[in-house]
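Asks: Dropping a prediction and its sequence here:
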There are 2 protein chains.
Amino acid sequence: MAVSGPVTEVIRAAGDHVPGLLVRVEERLAELAAGHGVPLAEHAGATIAAGGKRLRPLLVFLAADEEDGEGLVRAATAVELVHSATLVHDDVLDAAALRRGVPTVVASAGRGAATATGDLLFARAFAELAENGRVDEIRVLSDASCALAEGELRQRADAWDAAVPVERYLARCELKTARLFEAACRLGALESGGEPDALGAFGRRIGLAFQLLDDVLDVSGPASRTGKHRGTDLLDGTVTLPYILARERDPGLAALDPRTIRDPETAERVCDRIEATGALDEARRRALEIVDDAKARLADGLPARQRMALELVANGVVARYA
Amino acid sequence: MAVSGPVTEVIRAAGDHVPGLLVRVEERLAELAAGHGVPLAEHAGATIAAGGKRLRPLLVFLAADEEDGEGLVRAATAVELVHSATLVHDDVLDAAALRRGVPTVVASAGRGAATATGDLLFARAFAELAENGRVDEIRVLSDASCALAEGELRQRADAWDAAVPVERYLARCELKTARLFEAACRLGALESGGEPDALGAFGRRIGLAFQLLDDVLDVSGPASRTGKHRGTDLLDGTVTLPYILARERDPGLAALDPRTIRDPETAERVCDRIEATGALDEARRRALEIVDDAKARLADGLPARQRMALELVANGVVARYA
């Protein structure tokens, strides 16, 4: 796992058992990649082994406080498998060549194998979670998975529509990102006998802030940090908060048809123009408010150590984009 | 539902409650299509409402004998949703324009929306089944879903490999088709307190025979019956039993590189040549043996009415291809 500074701090606060849990998730993911015959090992193995932040498994563990049983590892693995499935399918649609520095499934195996690999990761997530024998957990994961797909559909339905209102944008982010963060926290709470609603609400807010800040980063760059040029959302027709806010402030931008943004150079210029309106600062401010709200709502009854770890992970989401 | 002759006969044998159950599945599918906001109703609505044989829901009901509760309807709906999800994804990969006479999701909404729609149908299947509150049922569906995706991956891994052995072909058919038929029967048995293993084994054999006969039909046609020209598998690089058997009998076919089959006319000619070897009769004979085996293994303890209905559905699978 690529552990960044804030994550290390979170893990230290959460307790010595967390690094071990994260290692068990890696091992389980590697086992699953190896255990499904040649094709999965070959294709999905690279993608799931290549890591990523493992932020969702971390949330499962933090929401479970001191719990460290196999059920918790399975829940964290299942959430990460659902996340990986969506990444594999996203890469098919974008015909992306690389993810996390390794060739994508679609690049190495083609569209057909990549689509099936995503489906398999998705099915495997439910098979994994079913081993916990708890239908309440299955319900959490299936609801979040429905939300993910629905968010993707809404994003496509709203593509190129510069007049998307902020509420609609936020509702899409809830579906596409926040609900799986919520599910991670709920699963941790369910496995440890904690409070799924309270921790779920925390996760959902953190997820929403995460998506807002991700959308800011797409406009602000720098490319050296994101690994892609600025304005990919603009080129995709994905209308995000910075663009919505900037259009309210700059009549020239409001008059621009997003379909005319067709090459990276034009996209970069529109990014500069969005930034010039102060829309990025405003979007960041809103994300920070959501994070503050998430932290403020953490129940007083939580153990001090757990509370601190959750606050640190919330800060980490922000720090990534500072 | 498009009810063909043999299906009507099956329903008559199974009991008066079965048509009502099938109607409830249709209603539930329509509800689900309508209940997920504009995008799903628009895209998947057409595909799932367009029907199809509803053979898998029928198997759920027949395996459950006289049971007719809501849990059974949910199980049948879930199985059909998984099946629909795979069809939607298959259509994306084939860039198919029509399915069951209506425009495919990919044709009407594009690749991105179609991929997400398939994902949503898949997630919805688990959400639907979770309402039954039984993790044993979730396990059945997730295992079958893994098998489906794995079968798809194996098919792609083996594409254009004319030397695929029969055993490997059969194992792929088990994964890609038979396991979901098995799951349908298992779910019916679980909901009704029947015998999941015995009924599951029946379903699996019927599913295997179904796939074998489907592969025969791709070579035999006629196009007026299948709605597509003969030899689509050959053009896809999918090596099936008729082709494998024909290569053993005709050295000229054995010497042919399947990659040289590039247009429908060549594919038709290869189909004729496969047929001339008697391979289609041999493949049909093997499928009938599997069906006979399935029927012979139906436990003596089954109620006479249920047994007759299951035998009729087995015959229906064969009759479709007679």
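Replies: Structure's in. What do you need?

Asks: For the one helix or strand A:Gly71 maps to, name the packing helices and strands.
Replies: A:Gly71 is part of helix A:70-94 when elements are defined by DSSP states H and E. Judged by 3 or more CB pairs under 8 Å, 6 or more residues apart in numbering or on different chains; DSSP states H and E, the packing partners of helix A:70-94 are helix A:17-34, helix A:37-49, helix A:55-63, helix A:105-130, helix A:135-157, helix A:179-192, helix B:111-130. The C-beta positions use only the backbone N, C-alpha and C, and glycine is treated the same way.

Asks: Nearest approach to B:Ala14 belongs to which of the ones you listed?
Replies: helix B:111-130 (22.3 Å; CB to CB).

Asks: buried residues in stretch A:20-31?
Replies: A:21-22, A:24-26, A:28-29 (16 or more other CB atoms under 10 Å in any protein chain shown).

Asks: In stretch A:190-208, which residues are buried?
Replies: A:190-192, A:194-196, A:198-208.

Asks: Next one: A:Val79 relative to A:Leu55, how far apart?
Replies: Separation of A:Val79 from A:Leu55 (CB to CB, to the nearest Å): 10 Å.

Asks: Of these two, which one has the most company?
Replies: Counting neighbours by other CB atoms under 10 Å in any protein chain shown for A:Val79 and for A:Leu55 shows that A:Val79 has the greater number, 31 against 21.

Asks: and A:Gly221, how far is that from A:Asp272?
Replies: Separation of A:Gly221 from A:Asp272 (CB to CB) stands at 10 Å.

Asks: Looking at those two, which has the bigger crowd around it?
Replies: Shown here are A:Gly221 and A:Asp272; by other CB under 10 Å, A:Gly221 has more neighbours (16 against 12).

Asks: Close to chain B: what parts of the stretch 101-250 of chain A are there?
Replies: A:109-113, A:115-120, A:122-124, A:126-127, A:130, A:132-135, A:138-139, A:141-143, A:145-146, A:148-150, A:152-154, A:156-157 (CB under 8 Å from any CB of the partner chain).

Asks: From these, keep the buried residues only.
Replies: For those, buried by 16+ other CB under 10 Å: A:109, A:111-113, A:115-120, A:122-124, A:126-127, A:130, A:132, A:134-135, A:138-139, A:141-143, A:145-146, A:148-150, A:152-154, A:156-157.

Asks: the bottom helix or strand of chain A by mean pLDDT?
Replies: Least confident helix or strand of chain A, by mean pLDDT, DSSP states H and E, is helix A:37-49 with a mean of 63.

Asks: tell me which element the closest residue to A:Glu248 other than its chain neighbours falls in.
Replies: Nearest-residue entry for A:Glu248: A:Ala254, 7.4 Å, with adjacent residues in sequence omitted and distances by CB to CB, 6 or more residues apart in numbering or on different chains. Using DSSP H and E, A:Ala254 sits in helix A:251-255.

Asks: Show me what that helix is packed up against.
Replies: helix A:241-249, helix A:264-276.

Asks: give me that answer again for 6 Å
Replies: With contacts defined as 3 or more CB pairs under 6 Å, 6 or more residues apart in numbering or on different chains; DSSP states H and E, the packing partners of helix A:251-255 are helix A:241-249.

Asks: Any chance you could list what contacts the helix it packs on?
Replies: If you take CB atoms under 6 Å, 6 or more residues apart in numbering or on different chains as the criterion, helix A:241-249 is touched by A:166, A:169, A:212, A:215-216, A:219, A:253-254, A:274, A:277, A:279-280, A:282-283.

Asks: Keeping just the C-alphas, turn it into PDB.
Replies: What follows is helix A:241-249, C-alpha atoms only, in PDB (Å, rounded to 0.1, in the frame of the first residue of the first chain):
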ATOM      1  CA  LEU A 241     -19.000  22.300  -8.900                       C
ATOM      2  CA  PRO A 242     -16.000  24.600  -9.900                       C
ATOM      3  CA  TYR A 243     -17.500  25.000 -13.400                       C
ATOM      4  CA  ILE A 244     -21.000  25.500 -12.100                       C
ATOM      5  CA  LEU A 245     -19.800  28.200  -9.600                       C
ATOM      6  CA  ALA A 246     -17.600  29.900 -12.100                       C
ATOM      7  CA  ARG A 247     -20.400  30.200 -14.700                       C
ATOM      8  CA  GLU A 248     -22.400  32.200 -12.100                       C
ATOM      9  CA  ARG A 249     -19.400  34.600 -11.800                       C
END
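
Asks: Can you get me the centre-to-centre distance for it and its chain?
Replies: Taking CA atoms, centre = their mean, to the nearest Å, one finds helix A:241-249 lying 23 Å from the centre of the chain it belongs to.

Asks: and the residue nearest to the spatial centre of chain A, what does it touch?
Replies: Chain A has A:Thr177 as the residue nearest its centroid, 5.3 Å off, counting by CA atoms, centre = their mean. With contact taken as CB under 6 Å, 6+ apart, A:Thr177 is in contact with A:207, A:211.

Asks: Point out where chain A drops to low pLDDT.
Replies: Along chain A, segments meeting pLDDT under 70 span A:1-7, A:36-47, A:49-51, A:225-227, A:320-322.
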